[in-house]
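Colleague: my questions are about this predicted structure, shown below with the sequence.
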Amino acid sequence: MAPTPATKSPQVEPAGQRSVRAWSRGRAPAPDGQSIDRRFLLAAGLALLGGCTGSPLLGPFDGGVQVIDPSTAREVVVVGDVDSTMGIFDPSLVYFLDAPSGLMSYSSVPSQLDVHTHLASSSDRGATWTFLAEVNAPSDVMVSFDGGDPDCPTGTCAGRVIHEVSSLVDDSLDPDHRYKIFAHTYVAFPEPGGDPPHLRPDVGYLSLYTAPATGGPWVETKLVGWQSPSSFSSTDTALLLGRDLPALGDCLALTEPAAILDGASLALAVTCAYLLQGKPAFRQELLRSYDHAQSFVRVGTLMTSGDAAALGSPGGVNAADLFSAGGLTFAIVSPGGQVSAPDLPSFSGYAGCDVLTVDLADASVLRDGTAPVLFRRLVAANDTFSGACTYAEGASSAGYLMSILGAAPRLFRIYATGLPAP
């Protein structure tokens, strides 16, 4: 008998109470009794992303829709990574076109309470990868809430700090902090009886890890925080939504950072989760730093939830990645839809990767009229949960890398498509 996905219903709280308890990822039990954490989507976002129904306009470099079949595609294996027993996910590439080698950061998943960031290298254009370093580590934490939080009725509870959805930059003009990895750091609460943990992406912050060399030492900066039911999200952060980035004051949290060097500055795309007419939604915001990620200013909104609806993903897209190819800059985003995973009934989640061209100078997307122009759509065979994706010109053997859910025990997997940009 096929297991039934257990999802949390979206919760709409009274006006003025900007709780994001509803942000927990839906959960679906795997056939061997383990459980899958569906990718970070607002619980209500799962519903609003529940069907790619639009007909996006494909651009002049139309690569069409490519179906990636995990049974025939090349799975990415990181030699020397012995800890990621449940798999690897959410890659980010830096591999310059003429460089002799490149790097990949990714989420290592020993368990759902131990997600953290690893770094790997390749010297053969992404054909093979070798483990380099552990960038951060999960840790225990006691989290205090302002009061009345249903996940912590006593006011202070034991949790686990995890790190995921990394984005990697090689900033050679800042030698003491040359390697930069942005991530979403947040708290997961263990559940009794071995059930999957309750994730609280709102009780967290965007983190920045820097090192002078790939082997470290890696140092954390609590980069961007926000107001949440716990001061864990705002204490000692370099920037605070609303105070330092007033135009993002309505964001319940930021997630899925996507960084790229843009001349002498650094551009950072982030997903802002916010309430739209009382319902959770996503928009893509673009930030810029002129001082090697010590501070940021807002450039503008890269994609609205309306733009995402034009791509067939009502309510927003997520999991951005920024890359350059052929003198143009592109963004990859993941739309939502009804998807599947091995041995499970369908559920709402990431439904592939869309490629668009962007102008980082003014946070604009190439459009035909008002609709964004879609250059390529990658989807997994059998409507399998797929996304995020990443690309780098120098990793020509790998092509686009795509995260796709697999069968237990390695639920989280990355595949090389071999497809060139765009």
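Modeller: Cool, got the structure.
Colleague: quick one: secondary structure of residue 176?
Modeller: What DSSP: H, G, I helix; E, B strand; the rest coil gives for residue 176 is helix.
Colleague: that one: neighbour count?
Modeller: Other residues within reach of residue 176, judged by other CB atoms under 10 Å, total 8. Just so you know, the C-beta spots here come from the backbone N, C-alpha and C atoms, and that holds for glycine as well.
Colleague: what residues does it make contact with?
Modeller: Contact analysis of residue 176 by CB atoms under 8 Å, 6 or more residues apart in numbering lists residue 212.
Colleague: please apply the same query to residue 106.
Modeller: Counting by CB under 8 Å, 6+ apart, residue 106 touches 78, 88-92, 117-118, 120, 166, 414.
Colleague: quick check, nearest of those residues to residue 359?
Modeller: residue 92 (21.6 Å; CB to CB).
Colleague: sticking with the closest one, tell me its helix or strand.
Modeller: Secondary-structure element containing residue 92, defined by DSSP states H and E: strand 88-94.
Colleague: which residues in the stretch 151-300 of the chain form helices?
Modeller: Assigned by DSSP state H, counting those that start in this stretch, the stretch 151-300 of the chain shows no helices.
Colleague: mind checking which helix or strand of the chain has the lowest mean pLDDT?
Modeller: helix 43-48 (a mean of 29; mean pLDDT, DSSP states H and E).
Colleague: ok, the closest residue in space to residue 357 that isn't next to it in sequence to residue 214 distance?
Modeller: Of all residues not flanking residue 357 in the chain, residue 366 sits nearest, at 4.6 Å (CB to CB, 6 or more residues apart in numbering). Separation of residue 366 from residue 214 (CB to CB, to the nearest Å) stands at 34 Å.
Colleague: what's the closest non-adjacent residue to residue 248?
Modeller: residue 241 (4.8 Å).
Colleague: likewise for residue 276?
Modeller: residue 305 (6.1 Å).
Colleague: also residue 236?
Modeller: Spatial nearest neighbour of residue 236, excluding adjacent residues (CB to CB, 6+ apart): residue 222 at 5.6 Å.
Colleague: surely that neighbour touches residue 239?
Modeller: No: using CB atoms under 8 Å, residue 222 is not in contact with residue 239; the gap is 9.2 Å.
Colleague: contact partners for the residue nearest to residue 236?
Modeller: Neighbours of residue 222 in contact, by CB under 8 Å, 6+ apart: 185, 205, 207, 235-238.
Colleague: returning to that earlier point: turn the contacts of residue 106 into TSV, columns for distance to residue 254, pLDDT and neighbour count.
Modeller: Listed next are the contacts of residue 106 as TSV, based on distance: CB to CB, whole Å; pLDDT from 0 to 100; neighbours: other CB atoms under 10 Å:
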residue	distance to residue 254	pLDDT	neighbour count
78	28	98	23
88	23	98	24
89	19	97	23
90	16	97	29
91	20	98	27
92	16	98	29
117	17	98	28
118	22	98	22
120	26	98	24
166	14	98	27
414	24	98	27
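Colleague: now, which of the residues you listed sits nearest residue 283?
Modeller: Nearest member of those to residue 283, counting by CB to CB, is residue 90, at 20.1 Å.
Colleague: can you tell me the SS state at the residue nearest to that closest one when sequence neighbours are not counted?
Modeller: Nearest non-adjacent residue to residue 90, counting by CB to CB, 6+ apart: residue 107, 4.6 Å away. Under the three-state scheme (three-state DSSP), residue 107 adopts strand.
Colleague: from here on, call the first residue 479.
Modeller: Noted, 479 is the first residue going forward, which turns the last one into residue 585.
Colleague: ok, residue 585 touching residue 643?
Modeller: Yes: the pair residue 585 / residue 643 is scored as a contact, 6.9 Å apart, by CB under 8 Å.
Colleague: between those two, point out the one with more neighbours.
Modeller: residue 643 (28 against 25).
Colleague: and residue 707, how far from residue 624?
Modeller: From residue 707 to residue 624 the distance is 6 Å (CB to CB).
Colleague: looking at those two, which one has more neighbours?
Modeller: Set side by side, residue 707 and residue 624 give different neighbour counts by other CB under 10 Å, the larger being at residue 707 (24 against 11).
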